[in-house]
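J.: sequence first, predicted model second:
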Amino acid sequence: MDPDTFRGDVGVEGPDVYWRRRVSVLTGALVVVAVVAWACTSASGGLGSGSPARPAVAGSKDPGPGASGAVAPAPTSSPSPTATAKAAPSARPSVKATPSPVPTRTRHPGDPCQRPDLVISLRGESDVYSGKGTPRFMLTVVNMGRLDCTVDVGPRAVEVRITSGSDRVWSTADCVSGDGKDMRRLRRGVPHVRMVDWDRHRSAPDCRSARPKAHDGTYVATARLESLKTSKVVFHLR
């Protein structure tokens, strides 16, 4: 540039005016440069500035950006319909029907005796019968129930039987005339007593005319009323 030009400008406008113009031009240029630099910096920062987002790590205290801070509960497995169906009983347990109680009949005095209310016993007059001695037994039937009752104590219903080992020797039920019944009304605790004699001869259910005499030896006498039976009475013939 021609120095005379500057000098000309300075001479016409003066040195103060000249330098103020130069300062204004430089200041404007600096402002433009600063604006451009700021724009470039903002663009690059918006795109990739800042620290990169860290992936969230399980168990880390830093949940990372965008995390709410609450840990989601682990999903629980619900039982499948098949397992539920298997666990449930296939059918209701069967309930046994309770049998209805059988009404009991009111008993009256004079009704037939019930077997559990009766007690029978047999006792011999002696243990040994010699010569022409005839064995003799006392048969008793006792009602132990609360009411009077009726029972057949005839020779067939209450049988006295004499045996020797397995040999059936004699019985009151053999050769009985008529129906052989003897109905008695028994009061509570009052025994019915019947004396039974054995003539030392054998008997049979078919009532044979021949009745041979029993030999000397040991014999056993018992009495029974249906399911009731007395203890054995052992005696000897001499």
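T.: Structure received.
J.: quick check, pLDDT for residue 220.
T.: On pLDDT, residue 220 comes in at 98.
J.: in the sheet, who's paired with it?
T.: Beta-bridge pairing of residue 220 under DSSP bridges involves residue 163, residue 234.
J.: and it, how far from residue 109?
T.: Distance of residue 220 to residue 109, given as CB to CB, to the nearest Å: 37 Å. The way it works is simple: take the backbone N, C-alpha and C, and place the C-beta from them, glycine included.
J.: if we go by neighbour counts, what in whichever helix or strand residue 141 is part of is buried?
T.: Residue 141 belongs to strand 136-143 when assigned by DSSP states H and E. Residues 137, 139-143 are the ones in strand 136-143 that count as buried (16 or more other CB atoms under 10 Å).
J.: quick one, helices of this structure?
T.: 3-13, 15-48, 81-87 (DSSP state H).
J.: that older thread, and which of the buried residues of strand 136-143 is nearest residue 26?
T.: Of all the buried residues of strand 136-143, residue 26 sits closest to residue 143, with 151.0 Å by CB to CB.
J.: any regions of this protein where pLDDT drops low?
T.: Applying pLDDT under 70 to the chain picks out residues 1-25, 28, 31-97, 101-103.
J.: out of the buried residues of strand 136-143, which is nearest to residue 199?
T.: For the buried residues of strand 136-143, the nearest to residue 199 is residue 137 (12.8 Å; CB to CB).
J.: ok, the closest residue to that closest one other than its chain neighbours to residue 176 distance?
T.: Nearest residue to residue 137 in three dimensions, chain neighbours excluded: residue 196, at 4.6 Å (CB to CB, 6 or more residues apart in numbering). Here the criterion is CB to CB. By it, residue 196 lies 13 Å from residue 176.
J.: ditto for residue 183
T.: Taking CB to CB, one finds residue 183 at 15 Å from residue 176.
J.: tell me which of those two has more neighbours.
T.: Taking other CB atoms under 10 Å, residue 183 and residue 176 do not tie; residue 176 has more neighbours (14 against 11).
J.: tell me the domain boundaries of the chain?
T.: The chain breaks down into these domains under automatic domain parsing: 3-43, 111-237.
J.: out of residue 220 and residue 109, which sits in the more crowded spot?
T.: Applying other CB under 10 Å to residue 220 and residue 109 shows that residue 220 carries more neighbours, namely 14 against 11.
J.: wouldn't the more buried one be in contact with residue 233 here?
T.: Yes: in this structure, residue 220 is within contact of residue 233 by CB atoms under 8 Å, at 6.9 Å.
J.: for the chain, which segments count as strands?
T.: Here the chain has its strands, by DSSP state E, at 111-112, 118-124, 128-129, 136-143, 149-152, 158-164, 167-171, 183-186, 192-197, 217-225, 228-229, 233-237.
J.: so which of these gets nearest residue 206?
T.: Nearest of these (CB to CB): strand 167-171, 12.1 Å.
J.: beta partners for residue 150?
T.: Following DSSP bridges, residue 150 is listed with bridge partners residue 112, residue 185.
J.: start at 29, not 1
T.: Okay, using 29 as the starting number, the last item reads as residue 178.
J.: any idea how far it is from residue 220?
T.: Distance from residue 178 to residue 220, counting by CB to CB: 11 Å.
J.: mind listing the shared neighbours of these two?
T.: 212, 214 (CB atoms under 8 Å, 6 or more residues apart in numbering).
J.: those two: which has the busier surroundings?
T.: Using other CB under 10 Å, the more surrounded residue of residue 178 and residue 220 is residue 220, with 19 against 14.
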